[in-house]
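Student: Sequence below, structure please.
(one chain, ligands or ions: 2)
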Amino acid sequence: MNYISTRGQVEPKGFIDTVLMGLGEDGGLMVPEQIPAVSAETLDRWKTLPFRELFIEIFSLYANDEIPQEDLKQLVDASYATFRDPEVTPVRKLNDSLYILELFHGPTFAFKDVALQFMGEFYSYVSKTRGEIIHILGATSGDTGAAAIQGVRGKEGIKICILHPHGKVSKVQELQMTTVNDENVLNLSVHGNFDDCQRIIKELFSDLEFKSKHHLRAINSINFVRILAQTVYYFYAYFQAEKQMGDDSKKINVSVPSGNFGNIFSGFLAKKMGLPINKLIIATNENNILERFVTTGEYQPGEFRKTHSPSMDIQVASNFERYLYYLLDEDAFEVSKYMQQLADGRKIVVEGELLQRVQSELHALGATNEQNLQLIGKYRSETGYLLDPHTACGVAASEAFTEEGEVTVSFATAHPAKFDEAIRLLDITQEFPVEIAELIAKDQYQTVIDNDKAEVTRQLEAFFAGGKVSQA
Ligand SMILES: Cc1ncc(COP(=O)(O)O)c(C=O)c1O
Ligand SMILES: N[C@@H](CCOP(=O)(O)O)C(=O)O
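Tutor: Numbering: from 1, shown residues only. Ligands and ions are numbered 1, 2, ... in the order given. I've put the predicted structure just below:
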């Protein structure tokens with residue numbers, strides 16, 4: 001299997017080279033030349049597999065034997081040994097039509113750990129076996145950064161620099177990133193929002209000379225391996241829900257808290273592979289560009305809103321481009337035109353049959369801050385289950401779109417302890433897991449900088465040359 005760019009200007013690449021490239025060299029996103037189709041017999045066989053075995057099966061369809069099976073098994077075992085639940089991503093029933101896929105049992109208590117624990121192991125493996133220098137550059141609204149740092153801290157041959165928006169991540173997210181003082185970790189706290197951080201790193205990845213000179217690698221969901229690793233829990237969740245329901249007459253939807261469109265795009269891919277998901281439901285907060293796109297066909301960044309679910313405070317959703325590629329029947333020329341339109345400050349508009357197709361493939365709801373808190377309170381008092389504010393957006397969308405004869409698996413993308421600022425507004429006192437509680441007394445190390453690409457470049461050059469500057 002080879003990988004190509006959504007903008008059509010990259011020579012087809014193998015799996016490992018695609019991961020190392022991250023963002024396509026033409027500014028597009030890498031996708032498989034063909035999405036592997038999974039037969040009904042294979043799905044049937046996969047139903048009983050534990051998470052790790054399922055991971056290996058799915059991964060093997062994409063990785064061209066570039067990683068020997070024994071090595072892959074070791075990578076997967078090491079990645080998921082750090083999870084607190086033996087099932088890795090367990091499914092819990094909340095009521096007859098609502099199941100919760102808990103994706104927060106990894107080291108940093110958010111869904112990002114599922115892919116990023118693996119990516120840390122993977123990059124380390126590639127560094128050892130191919131002698132590649134791995135200098136990771138990432139942008140975060142709080143969770144990717146924490147999970148990526150945790151995945152590679154202290155690992156030989158790897159350095160990581162993460163940009164996060166200053167003062168716009170939760171306290172726990174900030175502590176998870178900035179209490180790490182390993183030599184190979186640099187935290188840049190940028191006066192701006194997540195979109196600014198993401199724009200800066202994309203510009204640096206697009207400077208091919210700079211990228212190659214400094215061996216820049218991506219950990220955000222622009223990197224196809226992130227998408228691939230996330231497809232695994234769609235299959236796993238579907239099979240677990242089916243088993244727990246014990247009733248195969250009901251259709252299974254998924255509701256996915258969304259920001260950068262990476263998580264839901266993994267679901268889109270799983271469905272294209274043959275997993276019979278019924279509705280793919282996109283849940284956002286008041287930063288509802290995706291909801292507006294699905295309901296009106298217009299994709300245009302709006303005004304940035306600070307919400308109770310800060311990790312989803314995103315206007316420009318990276319993986320939207322991958323969806324557009326499939327919507328436009330894999331026409332890279334058309335995708336490039338649309339993306340250029342967006343880069344020029346004009347909106348993308350899809351109409352007529354294309355819009356109908358969007359509306360048949362996706363459902364979307366943006367929950368308001370008020371709805372969000374109201375739902376957290378309601379589920380806490382009715383079921384005892386404490387939703388984090390991102391998960392609550394997912395549950396709001398589940399409630400809106402689940403019809404008779406359907407059940408929805410709503411994704412719990414983070415543990416509520418990460419977002420205590422919102423939970424406290426409801427006068428709920430939660431007990432912190434010890435791993436989070438013990439962060440509070442630790443020193444923090446980060447460099448606060450202006451929203452300025454030149455400053456990020458200076459920081460990176462110094463960091464990659466051997467030292468960290470002014471981390472305090
Ligand atoms: C807790 C949480 N939920 C949901 C999301 C949205 O995921 P995605 O960016 O893959 O759409 C994020 C980050 O973006 C997150 O950190
Ligand atoms: N919510 C994310 C934003 C980045 O998304 P990614 O999936 O592209 O890494 C975060 O927590 O940083």
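Student: any idea how far the closest residue to Gln459 other than its chain neighbours lies from ligand 1?
Tutor: Excluding the flanking residues, the one nearest Gln459 by CB to CB, 6 or more residues apart in numbering is Leu188, at 5.9 Å. In short, each C-beta sits where N, CA and C put it, glycine included. Using CB to the nearest ligand atom, to the nearest Å, Leu188 is found at 19 Å from ligand 1.
Student: Could you give the average pLDDT over the helix or strand hosting Leu188?
Tutor: Using DSSP states H and E, Leu188 sits in strand 185-190. For strand 185-190, the mean pLDDT works out to 98.
Student: OK, contacts around the residue lying closest to Pro12 once chain neighbours are set aside?
Tutor: Take Pro12 and drop its neighbours on the chain: the residue closest to it by CB to CB, 6+ apart is Asn2, 3.7 Å away. For Asn2, the contacting residues are Pro12, Lys13, Gly14, Pro32, Glu33, by CB atoms under 8 Å, 6 or more residues apart in numbering.
Student: Kindly report the same for Ile449.
Tutor: Counting by CB under 8 Å, 6+ apart, Ile449 touches Leu188, Ser189, Val190, His191, Glu455, Val456, Gln459.
Student: Return the residues of the stretch 301-450 of the chain in contact with ligand 2.
Tutor: Residues of the stretch 301-450 of the chain lying near ligand 2 by CB under 6 Å from any ligand atom: Ser311, Ser318.
Student: rerun that using 8 Å as the cut-off
Tutor: Ser311, Met312, Ile314, Ser318, Asn319 (CB under 8 Å from any ligand atom).
Student: My guess is the second one contacts Asn285. True?
Tutor: Yes - with the criterion set as CB atoms under 8 Å, Met312 and Asn285 qualify as a contacting pair; they are 5.1 Å apart.
Student: before we move on, back to that, which ones among the residues of the stretch 301-450 of the chain next to ligand 2 also lie next to ligand 1?
Tutor: Ser311, Met312, Ile314, Ser318, Asn319.
Student: want to throw these into JSON lines with neighbour count and distance to Leu208?
Tutor: Shown next, in JSON lines, are those (neighbours: other CB atoms under 10 Å; distance: CB to CB, whole Å):
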{"residue": "Ser311", "neighbour count": "30", "distance to Leu208": "30"}
{"residue": "Met312", "neighbour count": "29", "distance to Leu208": "31"}
{"residue": "Ile314", "neighbour count": "24", "distance to Leu208": "26"}
{"residue": "Ser318", "neighbour count": "20", "distance to Leu208": "19"}
{"residue": "Asn319", "neighbour count": "23", "distance to Leu208": "22"}
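Student: Checking His164 next. Helix, strand or coil?
Tutor: Taking DSSP: H, G, I helix; E, B strand; the rest coil as the rule, one finds His164 in the strand state.
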